[in-house]
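Trainee: just to be clear, the model below is a prediction. Sequence and coordinates:
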Amino acid sequence: MIQIILECIVLAAALLSVVLTFGIVWRVEGELDIAYKLFLSAIIFFTLGELAGLLGFDNGLYIKIIDAISKVLFIGFFLGGVIAMRDLIQKMDGEKKSEYDTADAPALKK
């Protein structure tokens, strides 16, 4: 019983994460948009995997393969989001040259 309650809490938190992340994706643009789209994709695959587990679809071989694929997709999209966010932060800190930094337009530099 405790396991089912905990799985329901995880699923509810995952669904809330999807809604909140979608709200961010809806409002941002550029590189931040790309990072959050990757995060949203990762959360969606995580949620689908948790939903399949909660509904008891993890008995068959095909479901185990689908579960493994959803985990690979989750970590791939999450890692992509982290890399995109890291690149954006490095550009903001001046560690990396931004595509918007040009010698002809010094007013665009921060």
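Mentor: Good, I have the coordinates.
Trainee: and the residue most central in space within the chain, how close does it get to residue 16?
Mentor: Central residue of the chain (CA atoms, centre = their mean): residue 39, 1.3 Å from the mean position. To residue 16, residue 39 is 14 Å away according to CB to CB, to the nearest Å. C-beta: built from backbone N, CA, C; applies to glycine.
Trainee: report the contact partners of the residue nearest to the centre of the chain.
Mentor: 21, 77, 78, 81 (CB atoms under 8 Å, 6 or more residues apart in numbering).
Trainee: the second one and residue 46 touch, don't they?
Mentor: Spelled out, that is residue 77. No: counting by CB atoms under 8 Å, residue 77 stays clear of residue 46, with 9.2 Å between them.
Trainee: from the chain's centroid, how far away is the strand or helix carrying residue 43?
Mentor: Taking DSSP states H and E as the definition, one finds residue 43 inside helix 30-54. Helix 30-54 sits 4 Å away from the centroid of its parent chain (CA atoms, centre = their mean, to the nearest Å).
Trainee: that helix - what's its average pLDDT?
Mentor: Helix 30-54 carries an average pLDDT of 87.
Trainee: angle of the longest helix anywhere in the chain against helix 30-54?
Mentor: Longest helix of the chain, by residue count under DSSP state H: helix 61-92. Counting by axes from the mean of the first three to the mean of the last three CA atoms, to 10 degrees, helix 61-92 lies at 160 degrees to helix 30-54.
Trainee: leaving out sequence neighbours, find the closest residue to residue 90.
Mentor: Nearest residue to residue 90, sequence neighbours excluded (CB to CB, 6 or more residues apart in numbering): residue 96, at 4.3 Å.
Trainee: quickly note the distance from the one you found to residue 26.
Mentor: Residue 96 sits 27 Å away from residue 26, going by CB to CB.
Trainee: can you mark which positions in the helix holding residue 43 are buried?
Mentor: Of the residues in helix 30-54, 31, 34-50, 53 count as buried by neighbour count, 16 or more other CB atoms under 10 Å.
Trainee: I'm done for today, thanks for sticking with me.
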